[in-house]
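Trainee: Starting from these lines, generate the structure:
(one chain, ligands or ions: 1)
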Amino acid sequence: GALPGRDDVESLVLAAHDRERDLRDGEVADYIPELATADPSLFGVAVVEVDGGTHDAGDSRHRFTIQSISKAFVYALVCAALGHEEVLERVGVNNTGLPFNSVIAVELNEGHPMNPMVNAGALATTALAPGGDPETKWAFIVDGLSAFAGRPLEVDGLVYASESATNQRNKAIARLLESYGRIEGNPLNVVDVYTRQCALLVDAHDLAVMGATLADGGVNPVTGERVVPADVCRDTLAVLAATGLYERSGEWLFEIGLPGKSGVSGGIVTVSPGKAGIGTFSPPLDPAGNSVRGQRATAFLSRSLGLNVFASA
Ligand code: GLN
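Mentor: Model prediction:
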């Protein structure tokens, strides 16, 4: 069925925020030192419908770095550039069942990244962005993510510098992929572009617009711009359903029944195909690195708006 009327969606978005605003569970990420400075009380919820209707509650306009949520949109852009078969073969579409920064997952799969929504697969995906040099790849990524958001996105210089100084593990993963012939060019340049993409500033409202673009077959419902083809949205959402919340992806799909993607700064984007995008932001995370309040607010919205894709009525 369709979404409820605009007024009902509006009051449910406000209710989703209200219900979870006092929840204090979870821990703010601190392995990137600059992320540890986030205010744990910040909490925003936004829904953007494919017809352009928007709903915002709480701190939905507070900006934070997109982190791993960038993986979903860079993946879509690379799928659009390279095609279904090549990305399937080179990056894979399975859940590794291991933490997002796992080195073991690469070893267990003999160098095949397997999962584009954790760091190894995301590094392999960023390496596939068109362009022979890092600046061309970066322009492709920042222009593409900006088109998804419908406004020019900018890098948070402090978070970029902080992660650049502490991302030895991602450099190790990139070198390991290189040793298996899974990254072309200089792997440290790939890590740098990836670190920049993770440091792009968005807010929960932007995430809802980005999600609504995937929900709308690749057309941004606010700007009207076609960003990626519809078959790329279908493929990306299938990957998100299987992998979007790291090793908690099964629990997420069981409770919420929608493709989503989380990041360690506390954002989650969720997509209701053909209907809407949902963006949430709240920094405290569960042990896998997913926002606690974001998961709960999104579960409430999925249930109350009737969005679970596995429900027959
Ligand atoms: N930039 C972060 C990293 O590579 C992103 C991780 C995340 O959001 N899970 O570690």
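
Trainee: going forward, measure contacts between C-alpha atoms and count neighbours the same way
Mentor: Noted.

Trainee: The ligand contacts on this structure?
Mentor: Residues of the chain found near the ligand, taking Cα under 6 Å from any ligand atom as the criterion, are 67-68, 100, 119, 195, 198, 263-264.

Trainee: again, only this time at 5 Å
Mentor: Residues of the chain lying near the ligand by Cα under 5 Å from any ligand atom: 67-68, 198, 263-264.

Trainee: Looking at those residues, state which has the most neighbours.
Mentor: Counting neighbours by other Cα atoms under 10 Å, the top entry in those is Ser68, with 29 neighbours.

Trainee: who's in contact with that residue?
Mentor: Shown in contact with Ser68 (Cα atoms under 8 Å, 6 or more residues apart in numbering): 117-118, 198, 261-264.

Trainee: where does stretch 116-131 sit relative to the chain's centre, distance-wise?
Mentor: Centroid separation for stretch 116-131 versus its chain: 13 Å, with Cα atoms, centre = their mean, to the nearest Å.

Trainee: Show the subsequent helix or strand relative to the strand or helix carrying Ala242.
Mentor: Taking DSSP states H and E as the definition, Ala242 sits inside helix 230-243. Next helix or strand after helix 230-243 toward the C-terminus (DSSP H and E): helix 249-256.

Trainee: Would you mind pulling the contact partners of the helix or strand that that following helix is followed by?
Mentor: The helix or strand immediately downstream of helix 249-256 is strand 260-262, counting by DSSP H and E. Strand 260-262 is contacted by residues 68-69, 72, 237, 240-241, 244-245, 268-271, 289-291 when judged by Cα under 8 Å, 6+ apart.

Trainee: try it again with 7 Å
Mentor: 68-69, 72, 240-241, 244-245, 268-271, 290 (Cα atoms under 7 Å, 6 or more residues apart in numbering).

Trainee: May I see the buried residues of that strand?
Mentor: Judged by neighbour count using 16 or more other Cα atoms under 10 Å, the buried positions of strand 260-262 are 260-262.

Trainee: Give the pairing partners of that strand; include direction for each.
Mentor: Next to strand 260-262 in the sheet, as set by DSSP bridges, lie strand 267-272 (antiparallel).

Trainee: Could you point out the helix or strand that follows the partner strand?
Mentor: Once strand 267-272 ends, the next helix or strand along the chain (criterion: DSSP H and E) is strand 276-281.
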